[in-house]
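> Predicted coordinates and the sequence they were generated for:
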Amino acid sequence: MEKSKAIPQGYMTVGEVAKKMGVTVRTLQYYDREGLFSPSAESEGGRRLYTDKDVVKLHQILSLKHLGFSLSDIKNRLIPLDTPNEVAEVLAEQAAALRDKIEALTESLREIQALRSEVLQMQAVDFKKYADIIVNVQMKNNFYWLIKHFDEQTLDHIRSRFDRDSGLAFMDAFTRLQDEALRLLKAGEPPEGQQGQALAKAFWAMVTEFTGGDTSLLPKLMEIGQFKGTDNAWQQKQALVNRYIEPALGAYFSRLGINPFEEGCK
């Protein structure tokens, strides 16, 4: 009874606050020393005393800490809690930070699931390919799954020639040209016609950019649409694209008087 009389009504000791908030007394003492969370009053005996308002502030601190903010960050983010608007602003900040955290975790989960799926389809453990897959998933390159089909020579070539931005630009160009081939095929445009030859020229420029003039890579590129284990939609699309691209390139090379695919197979 004597102890309870020593604590004014409406105040809590450091032990009571620690128990209420699920932290240790040592943690609260550390926050006090850092100037982050100090008691509102002291008893006549020198005991730290806290109010309900202090508990709300501690909740704010613990919430931000849980979200990964450093103590210095938390100091800068703490605001007064004297009006409903101020309290609402704190809660809005915490909600926004939590949404960012959820988005980041959701993205990490997507990357893990994508990598797991690719790992299970690969014949051997290959951490270099795993790293390439993760990087391309993070880039939101929808063709990341092709990586498992490439040999080390091709992957080394890709790593040396393309960075994040140029890699994405290349895949965008690849997709646009494929879609254009499908459009011309559907429209009945002849591969040897003006539009077909314009497509062949752009397609060959893209291939040349990819190979950097290394014709030994051409046969491997021709295998892309025939990889085992790819889904039917991908294979069907590649078959349609090739139905137009192959004769368009054939006519294009005939006009130029070259056959780079034969050179690449030597």
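The structure has been received and is ready for your questions. Bear in mind the structure is a predicted one, so any value in this text is a computation, not a measurement.
> Flag every buried residue along whatever helix or strand Asn76 lives in.
Using DSSP states H and E, the element containing Asn76 is helix 71-77. By neighbour count on 16 or more other CB atoms under 10 Å, the buried set for helix 71-77 is Ile74. Where C-beta positions appear, they are placed from N, C-alpha and C, glycine not excepted.
> what comes into contact with it?
Glu34, Gly35, Leu36, Ile61, Leu64, Lys65, Phe69, Glu93 (CB atoms under 8 Å, 6 or more residues apart in numbering).
> From those, list the buried ones, please.
For these, a neighbour count by 16+ other CB under 10 Å gives the buried set as Leu36, Ile61, Leu64, Lys65, Phe69, Glu93.
> circling back: so which of the contacts of helix 71-77 is the closest to Ser216?
Phe69 (52.6 Å; CB to CB).
> Excluding sequence neighbours, find me the nearest residue to Ile138.
Let me fix one detail, which is that residue 138 is Gln and not Ile. Glu111 (6.4 Å; CB to CB, 6 or more residues apart in numbering).
> just to revisit the earlier point, for the following helix or strand past the helix holding Asn76, packing partners?
Once the chain leaves helix 71-77, the next helix or strand it forms, by DSSP H and E, is helix 84-121. Contacts defined by 3 or more CB pairs under 8 Å, 6 or more residues apart in numbering; DSSP states H and E place helix 84-121 against helix 52-66, helix 127-138.
> ok, 6 Å please
helix 127-138 (3 or more CB pairs under 6 Å, 6 or more residues apart in numbering; DSSP states H and E).
> tell me which residues of the helix or strand that the helix it packs on is followed by are tucked away?
Note on helix 127-138: by DSSP H and E, the next helix or strand toward the C-terminus is helix 152-161. Buried positions in helix 152-161, judged by neighbour count with 16+ other CB under 10 Å: Thr154, His157, Ile158.
> Would you quantify the distance from Lys19 to Asp132?
Distance, Lys19 to Asp132, by CB to CB, to the nearest Å: 51 Å.
> Who has more neighbours out of the two?
Asp132 (19 against 13; other CB atoms under 10 Å).
> Please pull out the lowest mean pLDDT helix or strand from the protein.
helix 2-6 (a mean of 48; mean pLDDT, DSSP states H and E).
> before we move on, the earlier item: next, format the buried ones among the contacts of helix 71-77 as TSV and append distance to Thr27 and pLDDT.
Below are the buried ones among the contacts of helix 71-77 laid out as TSV (distance: CB to CB, whole Å; pLDDT from 0 to 100):
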residue	distance to Thr27	pLDDT
Leu36	10	89
Ile61	10	88
Leu64	14	77
Lys65	10	83
Phe69	16	73
Glu93	22	78
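> could these be laid out in TSV, adding distance to Pro191?
Listed next are the buried ones among the contacts of helix 71-77 as TSV, based on distance: CB to CB, whole Å:
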residue	distance to Pro191
Leu36	71
Ile61	68
Leu64	62
Lys65	64
Phe69	60
Glu93	59
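> What is the nearest of those to Arg26?
Leu36 (14.0 Å).
> one step back: so how many other residues sit close to the residue nearest to Gln138?
By the measure other CB under 10 Å, the count of residues near Glu111 is 16.
> That one and Met139 touch, don't they?
No. The pair Glu111 / Met139 is not scored as a contact, 10.8 Å apart, by CB atoms under 6 Å.
> closest to Gln121 among the contacts of helix 71-77?
Closest to Gln121, out of all of the contacts of helix 71-77 and judged by CB to CB, is Phe69, at 39.5 Å.
> How are the helices of the stretch 151-266 of the chain distributed by residue range?
Secondary structure of the stretch 151-266 of the chain (DSSP state H, counting those that start in this stretch): helices at 152-161, 164-187, 194-211, 218-222, 232-256, 260-265.
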